[in-house]
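Asks: Got a sequence here, can you build the structure:
(2 chains)
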Amino acid sequence: MRLSQKVRLLSAVLVPMLALAACSGGGGSSAADGGAGGGEQVKITVWSWDGTVERAVPGFEAANPNIQVEVVNAGSSQDEYKALDNAIQAGSGVPDLVMFEYFAVPYFAIPGKLTDLGEFGVERLKSDYVPAAWSDVTVNGKVYALPSDYGPSAMFYNKATLDKAGVKEPPATWDEYYEAAKKVRALGDDYYIAQDTGDIFFLLSLIWQAGGRPFKVNGTKVRIDFTDAGTTKAVAFWQKMLDEDLINTKITGWSDDWNRALNDGTLATQTMGGWLTSTLPERAPKAAGDFRVALMPQWQEGEKVGSANGGSSFGIPAAAEHKEAAFKFLEYFTHGGGLSSRVDAGAFVPNTSVLDSEKFQSETNEYFGDQKVGSVLAEATQIVGSGWQYPPFFEWARSIYGDIASPYYTTGQGSLAQILEEWKRRCVQYGNEQGFEVS
Amino acid sequence: MGLARRFDVTASATASPDASRHSAPTRKRRRSQIGLAFIAPFGVLFTLVFIVPILYAAYLSLFQERLLGGNTFVGLANYGKLVQDPQFWDGVGRVFRFTLVQVPIMLILAMALALALDSMRLHGTRFMRVTIFLPYAVPAIVSTLMWGFLLGVKYGLFGSLNDALGTDFDPFAPDTTLISIGVMVTWAFTGFNMLIFYAVLKAVPRELYEAAAIDGANEFQIVRAVKLPALRGSLVVTVIFSIIGTFQMFNEPQILPTMVANSGVTTYYTPNLYAYNLAFTGSQQGYAAALALVMAAITIAVAYAVQIRGLRNASDK
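Replies: Got it, this is the predicted structure:
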């Protein structure tokens, strides 16, 4: 009796444990199947978490009656990549068109999971895209995706707070930014010019703008170097800001604390992607009319160089069934007739035809004190420094960055340069394990 | 069943030896077939959701997946790597330390509450019982968000406390985060364990208390001599449940970093979190499967050790 009780108890123990084991081992879910329609009718499946893509479907289907488009949200970012990897591995349910953040393009392109768009003559579209966006979708000289939205770095500043601190003009150089930071800090305990708790995308955008190119990808060879001149300059500057307590290291972006600080004006600037234009009004409704947008502060007075922070594109998996139809739609909504409906719905696209248009340049935004936000962001997009590359394993790399950076941000021991060196060491180790030649 | 067996015995006794030799095997076979049919629904589900996934995880753990070069068979290399992985052992050490401190506190608290409810000297016990149990019904995600606000230093309750007292205590500093998680877990699961203890206490025959009262025992002596020994068996169960629960800690450290900056929660804070991150951001399913299996083995070993010890002690008394 005792024994059987024991067995029963033990299995009660075992079931949850091993169910867990199975869970973390097994695969996720593969999403909707894009089965072909009857006859010559073709149905393509698009995976997108960008809601504006759907806006382009009716116009496309009207112009191409034999192609039917189904837009599926298969999750955002890494959830979607995971689902795609699973579908490719399973050999079924592979969509015809998939959304990728720029840093994820090499991850899929290098192992041969994406179609080289050269076969569709994609080069003829090149002139419509800003050069930096085009370079984001180009891996080892081949184009694997078309840019669908963009995140040019820009400085969003709270004019009211800067005015209060005695900063009349938004800082145009990083030196001015440093001086402004001291004035803002002098307003009181809670006032800071910005926050940073280890935001790798921000630090990289700073490095990018300063001319640093820490990742060099050539085929399956990846070189990581955080000691080039641009990187060193950017890192040293931010280190100074942190050392002199000019940056709030307690508030993390996208947290509730962040929302509150944006609302009450204690964070004077946010240097982030242009997508913050649509996020700020949601996050900081109380600060309506206080915020303005400017180009990123420059490293040299009179210069105009920018960088990007985010953005995405669409590519066609190598295992897709209807590549030709997929490319037709891809071209339609990222370049052709479907583009305007997406822009109207709020998409920020890196197409020069849109950025240069009168409508985009002259539209005012009430939240930003009736500023012509579009023209600033259009310029920020045009000046993004080219030649930036992400390593193919960036998704993993960014996930562990916090582990390495966190001790510094809490104890103040160490330095950004040391963090980056440790990050590099881990990336080299992981990259080589994954079959790349990383040094 | 008992009746059937008795009937069987009489049947074979009255029947000729020849006939019984003939009919017994067929009847036995038929009966065992019926038995199989009864356990089939369980067996099928058990195999599908339990055996197959484990075998699949074990199979996966023998492979290494690479971005370049795909899946390769690596034998036990994942296990070899795991044993030398400081991040894995960091997580294991953390859940061990957590278990050693949090589980006793929680169970003592739960036991005290159960004894208080059972003392029949409190008013509104039914209300108390439900209230204390209620946190268990709150999903861990919600409760983590709630505690995140409550313990936040910037705008939360602790911010106000610090302001009022002039202190600078941060419940989510790297050194204190684990304690805060302990508070959350204790809050969530004390009621559950209390109910188990309370149910056991309710099942104690009232005669024992009467006998104790006649013997002149006071309330404290009754607790020591009657109630606590009665709880021993359920204590083993709750300890094991708690160990499994804390070894699998995942929700709290998964959500906290989105709320609090630099709380010290790493991607390998607990073994479960590490397995998740390995599989879903590092695409190292094989390694994650190995980790999950090893962690399962460790948990089973610890739970089993507790059980053997607990039951031995129980039978000694």
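Asks: Distance check, residue B:229 against chain A.
Replies: 17 Å (CB to the nearest CB, to the nearest Å). In this view, the C-beta of every residue, glycine as well, is placed from N, C-alpha and C.
Asks: what's around that residue, how many residues?
Replies: Using other CB atoms under 10 Å in any protein chain shown as the criterion, residue B:229 is surrounded by 12 other residues.
Asks: so it is in which element?
Replies: helix B:228-247 (DSSP states H and E).
Asks: Partner strands of the strand ranked longest in chain A and their direction?
Replies: Under DSSP state E, the strand in chain A containing the largest number of residues is strand A:145-158. Strand A:145-158 sits in its sheet next to strand A:269-273 (antiparallel), strand A:291-295 (antiparallel), strand A:308-315 (antiparallel), going by DSSP bridges.
Asks: To residue B:131, which of those lies closest?
Replies: strand A:269-273 (43.3 Å; CB to CB).
Asks: right, and the secondary structure at residue A:60 would be what?
Replies: Residue A:60 falls in the helix class when you classify it by DSSP: H, G, I helix; E, B strand; the rest coil.
Asks: these two touch, right, it and residue A:339?
Replies: No. Between residue A:60 and residue A:339 there is no contact under CB atoms under 8 Å: 11.3 Å.
Asks: Give me the common contacts of those two.
Replies: Shared contacts of residue A:60 and residue A:339 (CB atoms under 8 Å, 6 or more residues apart in numbering or on different chains): residue A:333.
Asks: and the nearest residue to residue A:435 once chain neighbours are set aside, how many neighbours?
Replies: Nearest non-adjacent residue to residue A:435, counting by CB to CB, 6 or more residues apart in numbering or on different chains: residue B:68, 3.1 Å away. A count of neighbours around residue B:68, defined by other CB under 10 Å, yields 14.
Asks: Residue ranges in chain A under the pLDDT threshold?
Replies: A:1-39 (pLDDT under 70).
Asks: Quick check, central residue of it?
Replies: In chain A, the residue lying closest to the centroid (CA atoms, centre = their mean) is residue A:310, at 2.3 Å.
Asks: Quick check, residue A:367 in contact with residue A:291.
Replies: Yes. Using CB under 8 Å, residue A:367 is in contact with residue A:291, at 7.0 Å.
Asks: Help me confirm that the residue nearest to the centre of chain A comes into contact with residue A:275.
Replies: Yes. Here residue A:310 reaches residue A:275: they are 6.2 Å apart, a contact under CB under 8 Å.
Asks: Need the residues touching each of the two.
Replies: Listed as contacting both residue A:310 and residue A:275 by CB under 8 Å, 6+ apart are residue A:151.
Asks: which neighbours do residue A:367 and residue A:291 share?
Replies: Listed contacts common to residue A:367 and residue A:291 are residue A:280; contacts here mean CB under 8 Å, 6+ apart.
Asks: and the stretch 1-150 of chain B, which residues reach chain A?
Replies: Proximity of the stretch 1-150 of chain B to chain A (CB under 8 Å from any CB of the partner chain) is limited to residues B:49-50, B:53-54, B:56-57, B:60-61, B:66-70, B:149.
Asks: can we see that at 10 Å?
Replies: Within reach of chain A by CB under 10 Å from any CB of the partner chain, the stretch 1-150 of chain B has these residues: B:46, B:49-61, B:64-72, B:81, B:87, B:145, B:148-149.
Asks: Filter those down to the buried ones and hand me the PyMOL line.
Replies: Here is the PyMOL command that selects the buried residues among these (16 or more other CB atoms under 10 Å in any protein chain shown):
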select buried, chain B and resi 50+53+54+56+57+58+60+61+64+65+66+67+81+87+145+148
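Asks: Next step: the residues of the stretch 1-150 of chain B next to chain A restricted to strands.
Replies: Counted as lying in strands by DSSP E, out of the residues of the stretch 1-150 of chain B next to chain A, are B:64, B:65, B:66, B:70, B:71, B:72.
Asks: list the contacts for the third one?
Replies: Which is residue B:66. Going by CB atoms under 10 Å, 6 or more residues apart in numbering or on different chains, residue B:66 touches A:111, A:433, A:434, A:435, A:436, B:72, B:283, B:284, B:286.
Asks: and if you look at residue A:373?
Replies: For residue A:373, the contact set (CB under 10 Å, 6+ apart) comprises A:154, A:156, A:274, A:277, A:291, A:292, A:293, A:360, A:363, A:364, A:365, A:367.
Asks: redo that, cut-off 7 Å
Replies: By CB atoms under 7 Å, 6 or more residues apart in numbering or on different chains, the residues touching residue A:373 are A:277, A:293, A:365.
Asks: Setting aside sequence neighbours, what's the nearest residue to it?
Replies: Nearest non-adjacent residue to residue A:373, counting by CB to CB, 6+ apart: residue A:365, 4.4 Å away.
Asks: got the phi/psi numbers for that neighbour?
Replies: Note on residue A:365: its backbone torsions stand at phi -120, psi 120 [degrees, to the nearest 10].
Asks: That one contacts residue A:376, correct?
Replies: No. Residue A:365 is beyond contact range of residue A:376, at 10.0 Å (criterion: CB atoms under 7 Å).
Asks: of these two, who's got more company?
Replies: Neighbour count, other CB under 10 Å: between residue A:365 and residue A:376, residue A:376 has more, with 21 against 16.
Asks: What is the burial count for the residue nearest to residue B:167 when sequence neighbours are not counted?
Replies: Computed as CB to CB, 6+ apart, the closest residue to residue B:167 that is not its neighbour in sequence is residue B:161, at 7.3 Å. Residues lying near residue B:161 (other CB under 10 Å) number 14.
Asks: re the thing from before, what residues are up against the residue nearest to the centre of chain A?
Replies: So residue A:310 contacts A:151, A:201, A:273, A:275 (CB under 7 Å, 6+ apart).
Asks: List just the nearest of these to residue B:166.
Replies: Among these, residue A:201 lies closest to residue B:166 (CB to CB), at 37.2 Å.
Asks: Could you check which helix or strand contains the closest one?
Replies: Here residue A:201, judged by DSSP H and E, is contained in helix A:200-209.
Asks: Strand A:269-273 and that helix, what's the angle between them?
Replies: 80 degrees (axes from the mean of the first three to the mean of the last three CA atoms, to 10 degrees).
Asks: so, in contact with chain B or not, helix A:200-209?
Replies: No. Using CB under 7 Å from any CB of the partner chain, helix A:200-209 never reaches chain B; the gap is at least 13.4 Å.
Asks: by contact count, what packs against that helix?
Replies: Judged by 3 or more CB pairs under 7 Å, 6 or more residues apart in numbering or on different chains; DSSP states H and E, the packing partners of helix A:200-209 are helix A:229-243, strand A:308-315.
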